[in-house]
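**Student:** sequence and predicted structure are below.
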Amino acid sequence: MTTKIWITKYATTFGIIEYNLDTQIKDNLCIIDNPNECPRRMYFSKPFWYQSKPDAIVHANKLRDKMIKSLNKKLKKLKEMKFE
């Protein structure tokens, strides 16, 4: 069945990916069949796929904020390093 799905798994590197392809949804698993890409079959578990764009945007923002927090911690550690 062709369904529109938004993938957030790679939101902080590629952005939100939209698919309108043959999709199977089983419980929390989304299986996408894409004959034009390799791999041809992709599997995504919740919370990395959504059936509505607003929900995907909310999750992508959470992922971005989490990554910013992590990078700020790393930056603080780097700034505090002293080389003698």
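**Tutor:** Cool, got the structure.
**Student:** what ranges does the chain have for its helices?
**Tutor:** Using DSSP state H, the helices of the chain run over 11-14, 53-80.
**Student:** got any ranges where the chain has weak pLDDT?
**Tutor:** 1 (pLDDT under 70).
**Student:** can you pull the contacts of the residue positioned nearest the centre of the chain?
**Tutor:** Geometric centre of the chain, nearest residue: Lys9, 1.8 Å, by C-alpha atoms, centre = their mean. Applying C-beta atoms under 8 Å, 6 or more residues apart in numbering to Lys9 gives the contacts 44, 48-49. Using the backbone N, CA and C atoms, a C-beta is placed for each residue, glycine as well.
**Student:** just these now: which is nearest Thr2?
**Tutor:** Proximity of those to Thr2 (C-beta to C-beta) peaks at Trp49, which lies at 15.2 Å.
**Student:** beta partners for the spatially closest residue to that closest one that is not a sequence neighbour?
**Tutor:** Nearest non-adjacent residue to Trp49, counting by C-beta to C-beta, 6 or more residues apart in numbering: Cys30, 4.3 Å away. For Cys30, the beta-bridge partners are Ile25, Phe44 (DSSP bridges).
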